[in-house]
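**Student:** Next one to model:
(one chain, ligands or ions: 1)
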Amino acid sequence: MTNISTPTTLAQLVARSRKLGADRSIANWGGGNTSAKAEEVDFRGRPARILWVKGSGSDLATVTEASFTGLYLEDVLPLLERERMSDSEMVDYLAHCFYEPGRPRPSIETLLHGFLPFPHVDHTHADATNYFACAEGGEAQARDCFGDELIWIPYRRPGFGLAREVALAVRANPRAKLVILAKHGLITWGETDETCYASTISTIAQARDFVEERIARAGRAVFGGFRVTTLSAEERRTIAAQVAPVLRGLVSEEKRQILRFEDGDDALTFANSQDAPRLTKIGAACPDHLVHTKPWPLLVDWMPGQDGEALAASLRAGVTAYVANYRRYLEANERQNLDPDAAAPIYRASDAISDPHPRVTLIPGVGMFTTGKDAMMADVSAQLYHRAIAVMRGAEACGGFISLSDAESYAVEYWPLEQYKLKMAPPEREFARHVVLVTGAAGGIGSATCRRVAQDGAHIVATDIDLAGAEQLAAYLNQHFGAGRAIAVKMDVTNEESVRAAFEQAALAFGGIDVIVNNAGLASSASITETSLAQWNKNWNVLATGYFLVSREGFRFLQAQARGGNLVFIASKNALVAGKNAAAYSTAKAAEAHLARCLAEEGGQFGIRVNTVNPDAVLAGSRIWDSSWRQERAATYGVAPDQLEEVYRKRTTLGVNILPEDIAEAVAFFASPTRSVKSTGNILNVDGGVAAAYPR
Ligand SMILES: [Zn+2]
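**Tutor:** Next comes the predicted model:
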């Protein structure tokens, strides 16, 4: 007989949470939480009623059993007798209620779940119910939709007070089937896992149908219709790429930011609309957007038809005005008590982490830029702003979009526990917030360099004439270091247009570049009498002209970004020392190395450093060695050409076992935003300890 075990309460809860999280119009990124109450057996072997509730720091779409915290309900419920409790008292208290140690910290919304007398509870920030929650007079509209099954709770900051207010209201109203928290979200419940899920879904559908019907009946154009017409897809990309480094420079004044660009329909419809100038001044559509979007986006004052220079000027003026306004908001609210549930007032810490720059920038006719400490967080800002656009659309049909007051926004943005989380975060890695563009990235040194800096937090633009090779590398980097961390771009360094287009792609992917590793190469050997003109020209095209073209585009880009920058050239021992049978290669390498020193002279005034790494004979994984050179070296060691790498890796004699990783380490030193900041125009030989001046 097969024993079919029923899924545990926790397993069911995980599955339900993931189903809710799979639809971002129900559960926005990181927002909302779910719970279930179950009879469990504790470590002493005694039965206990446990509240399983999603802990802090996870997203419903990707939760696992480990994302949930179990709390003894018999310890939680007595709190309902209290009149007030501060956030930190609540956090300390709940730490004593753990059913199993080592589980995530309970979120500030834990007691919303614990105090409700239902076995299963969902709290979401669904768009459709937020149409009411974020509308002027939304309560009456919601009442029309839900009748007396609705409990409406006026806005109150999440915490003990809100949880208690909801619990008392639900106890006093046995007919209630849902709670709408004004300017915040929805609470639904059920006796079983299935009925809870069904109630959440049907409540949201009912709100959506009600409001969509109202929108259709009003017949008003979305957001009042267009104020500007949109540019073509190609024009949008061109101008966005042109101004991305300018914007990135502006918003990176305190800390470097990674930018994300998009020009999807809803972002453009909103940015182009008649109502956008009014709606963008109102505030966030949900408290938990605030940390990722700030209360307001920057709507840039620019009209399609004006040029990129005019847009850059508007961005400068717009960011300056935004920062001034944000600082006024900080000053106006800094004496505010951040925890009304605390016995004594709590103010913002003097060392609170704040950055006054916009996280969301809307450019009419062009699209939307969002920022974050990495590509993932820039994406989160964008996702949340999509939710805001959806909520604004519905709320406008329900009486007009409203948001938290400045004081309410401030209390959420500078909530002490959120600040505590920021301060407790592990220190950022060396290349965090930096974008590194590498040419010849598919080769041995190129790919080792990408891996080396990606491991320490860099975002990578892997360029190569071999696009498939670059794509393979980017896939590896995204898999190992996080989605969105690397892109692959085809670049022929000898072609002006190809170089320009590659920088454009980098601008659209990350907003900018901080480090350029000029690495694309080739090698050939031939005596002077055997060197063809084509061979000579090819060496000079790639190693001299190619490095010039990439550097010129890089300098233009870095100057537009105005945050300094860093170029690292991969030259060769042959740039310094004469090599027999390699005149074309060695002279072109010498030109390249001298170009680096010339650019170091020019770059200083812009904060751009230019340094050179000279590898000696790196064969492992290298693509640059052509067969004649390889055969000649192989003959020296008496092995077949394809055994050369193995010989080189095994030999421990200095000078003959240099690996691509050794070169990558030297590149990382020069590329570092901390370790070599006061060095430019230098050459670092990686010669295995045999000085480059003494060729073997
Ligand atoms: Zn919430």
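**Student:** pLDDT-wise, which helix or strand of this structure ranks last?
**Tutor:** When the helices and strands of the chain are scored by mean pLDDT, DSSP states H and E, helix 644-650 comes last with a mean of 67.
**Student:** where does the chain dip in pLDDT?
**Tutor:** Low-confidence segments of the chain (pLDDT under 70): 1-6, 617-630, 633, 645, 647-657, 690-696.
**Student:** if you set the cut-off to 80 instead, what comes out?
**Tutor:** 1-7, 340-343, 348-353, 416-424, 523-524, 579, 617-637, 641-658, 688-696 (pLDDT under 80).
**Student:** what ranges do the strands span in the stretch 401-550 of the chain?
**Tutor:** 435-438, 459-464, 486-490, 515-518 (DSSP state E, counting those that start in this stretch).
**Student:** In a markdown table: the ones you listed, plus distance to Cys145.
**Tutor:** For every residue, glycine as well, the C-beta is placed using N, CA and C. As requested, the strands of the stretch 401-550 of the chain are exported to a markdown table (distance: least, CB to CB, whole Å):
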| stretch | distance to Cys145 |
| --- | --- |
| strand 435-438 | 47 |
| strand 459-464 | 45 |
| strand 486-490 | 45 |
| strand 515-518 | 55 |
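**Student:** Turn these into TSV, columns for mean neighbour count and distance to Ala244.
**Tutor:** Shown next, in TSV, are these (neighbours: other CB atoms under 10 Å; distance: least, CB to CB, whole Å):
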stretch	mean neighbour count	distance to Ala244
strand 435-438	29	11
strand 459-464	31	13
strand 486-490	23	14
strand 515-518	30	16
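**Student:** what about those, which gets the closest to Tyr585?
**Tutor:** strand 515-518 (15.9 Å; CB to CB).
**Student:** Buried ones in stretch 462-478, by neighbour count?
**Tutor:** 462-466, 469-471, 473-474, 476-478 (16 or more other CB atoms under 10 Å).
**Student:** in stretch 231-251, what counts as buried?
**Tutor:** 231, 236-237, 239-251.
**Student:** can you list contacts of it?
**Tutor:** Applying CB atoms under 8 Å, 6 or more residues apart in numbering, the contact partners of stretch 231-251 are 230, 256-257, 259, 261, 263, 304, 308, 311-312, 315-316, 319, 357-358, 361, 363, 365-367, 369, 371, 503-505, 507-508, 511-513, 557-558, 560-563.
**Student:** Identify the residue spatially nearest to Met368, adjacent ones excluded.
**Tutor:** Ala267 (4.1 Å; CB to CB, 6 or more residues apart in numbering).
**Student:** Neighbours of that neighbour, how many?
**Tutor:** 23 (other CB atoms under 10 Å).
**Student:** secondary structure element for it?
**Tutor:** helix 265-271 (DSSP states H and E).
**Student:** which other helices and strands contact the following helix or strand past that helix?
**Tutor:** Later in the chain than helix 265-271, the nearest helix or strand by DSSP H and E is helix 276-279. For helix 276-279, not one helix or strand is in contact under the criterion 3 or more CB pairs under 8 Å, 6 or more residues apart in numbering; DSSP states H and E.
**Student:** heading toward the C-terminus, what's the first helix or strand past helix 276-279?
**Tutor:** helix 290-293.
**Student:** contacting residues for the nearest residue to Ala600 once chain neighbours are set aside?
**Tutor:** Distance criterion CB to CB, 6+ apart; nearest residue to Ala600, sequence neighbours excluded, is Gly681 at 3.4 Å. The contact partners of Gly681, taken as CB under 8 Å, 6+ apart, are 596-597, 600-601, 610-611.
**Student:** Where does Gly681 sit: helix, strand or coil?
**Tutor:** For Gly681, the assignment made with DSSP: H, G, I helix; E, B strand; the rest coil gives coil.
**Student:** Alpha carbons only: can I get stretch 69-89 in CSV?
**Tutor:** Listed in CSV are the C-alpha atoms of stretch 69-89, where the atom choice follows Å, rounded to 0.1, in the frame of the first residue of the first chain:
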residue,chain,number,x,y,z
THR,A,69,9.1,32.1,10.4
GLY,A,70,7.1,30.0,12.9
LEU,A,71,5.9,31.7,16.1
TYR,A,72,4.0,30.3,19.1
LEU,A,73,0.5,31.8,18.9
GLU,A,74,0.0,31.4,22.7
ASP,A,75,2.9,33.9,23.1
VAL,A,76,1.7,36.3,20.3
LEU,A,77,-1.9,36.6,21.2
PRO,A,78,-1.6,38.2,24.6
LEU,A,79,-0.1,41.3,22.8
LEU,A,80,-3.6,42.1,21.7
GLU,A,81,-4.3,43.2,25.3
ARG,A,82,-1.8,45.9,25.0
GLU,A,83,-2.6,49.5,24.1
ARG,A,84,0.6,50.3,22.3
MET,A,85,4.0,48.9,21.5
SER,A,86,6.9,50.4,19.6
ASP,A,87,8.5,48.8,16.6
SER,A,88,11.6,47.8,18.4
GLU,A,89,9.7,46.5,21.4
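**Student:** How about it, which residues are buried there?
**Tutor:** Result for stretch 69-89 [16+ other CB under 10 Å]: buried residues 69-73, 75-77, 79, 85-87, 89.
**Student:** One more: stretch 27-41?
**Tutor:** 27-38, 40.
**Student:** can you put those residues in CSV and add secondary structure and distance to Ile663?
**Tutor:** CSV is the format used below for those (DSSP: H, G, I helix; E, B strand; the rest coil; distance: CB to CB, whole Å):
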residue, secondary structure, distance to Ile663
Ala27, coil, 47
Asn28, coil, 44
Trp29, coil, 39
Gly30, coil, 40
Gly31, coil, 45
Gly32, coil, 48
Asn33, strand, 49
Thr34, strand, 50
Ser35, strand, 53
Ala36, strand, 55
Lys37, strand, 59
Ala38, strand, 57
Glu40, strand, 56
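**Student:** circling back: next one: the helix holding Ala267 to chain centre, how far?
**Tutor:** Helix 265-271 sits 21 Å away from the centroid of its parent chain (CA atoms, centre = their mean, to the nearest Å).
**Student:** Show me what it is packed against.
**Tutor:** Against helix 265-271 (3+ CB pairs under 8 Å, 6+ apart) you get strand 360-363, strand 367-372, helix 375-397.
**Student:** Select, out of these, the one closest to Ala343.
**Tutor:** Here helix 375-397 is closest among those (CB to CB), at 33.9 Å.
**Student:** So which bits of that closest one are buried?
**Tutor:** In helix 375-397, counting by 16+ other CB under 10 Å, buried: 375, 377-397.
**Student:** Contacts for the helix holding Ala267 next, please.
**Tutor:** 222-223, 230, 276, 279, 299, 362-368, 385-386, 389-390, 392.
**Student:** can you give me the helices in the stretch 301-450 of the chain?
**Tutor:** 308-333, 375-397, 406-413, 416-424, 444-455 (DSSP state H, counting those that start in this stretch).
**Student:** Next one: the spatially closest residue to Pro364 that is not a sequence neighbour from Ala244, what distance?
**Tutor:** Spatially, and ignoring its direct neighbours in sequence, Pro364 is nearest to Val228 (4.5 Å; CB to CB, 6+ apart). Per CB to CB, to the nearest Å, Val228 is found 20 Å from Ala244.
**Student:** before we move on, what about Phe401?
**Tutor:** In terms of CB to CB, Phe401 sits 29 Å off from Ala244.
**Student:** Please apply the same query to Ala375.
**Tutor:** In terms of CB to CB, Ala375 sits 14 Å off from Ala244.
**Student:** do the same with Pro101
**Tutor:** Pro101 is 47 Å from Ala244, by CB to CB.
**Student:** and Thr129, how many neighbours?
**Tutor:** 34.
**Student:** and which of the buried residues of stretch 69-89 is nearest to Ala342?
**Tutor:** Ser86 (3.5 Å).
**Student:** Next up, phi/psi of the closest one, please.
**Tutor:** phi -80, psi 160 (degrees, to the nearest 10).
**Student:** Correct me if wrong: it contacts Ile346.
**Tutor:** Yes - using CB atoms under 8 Å, Ser86 is in contact with Ile346, at 7.4 Å.
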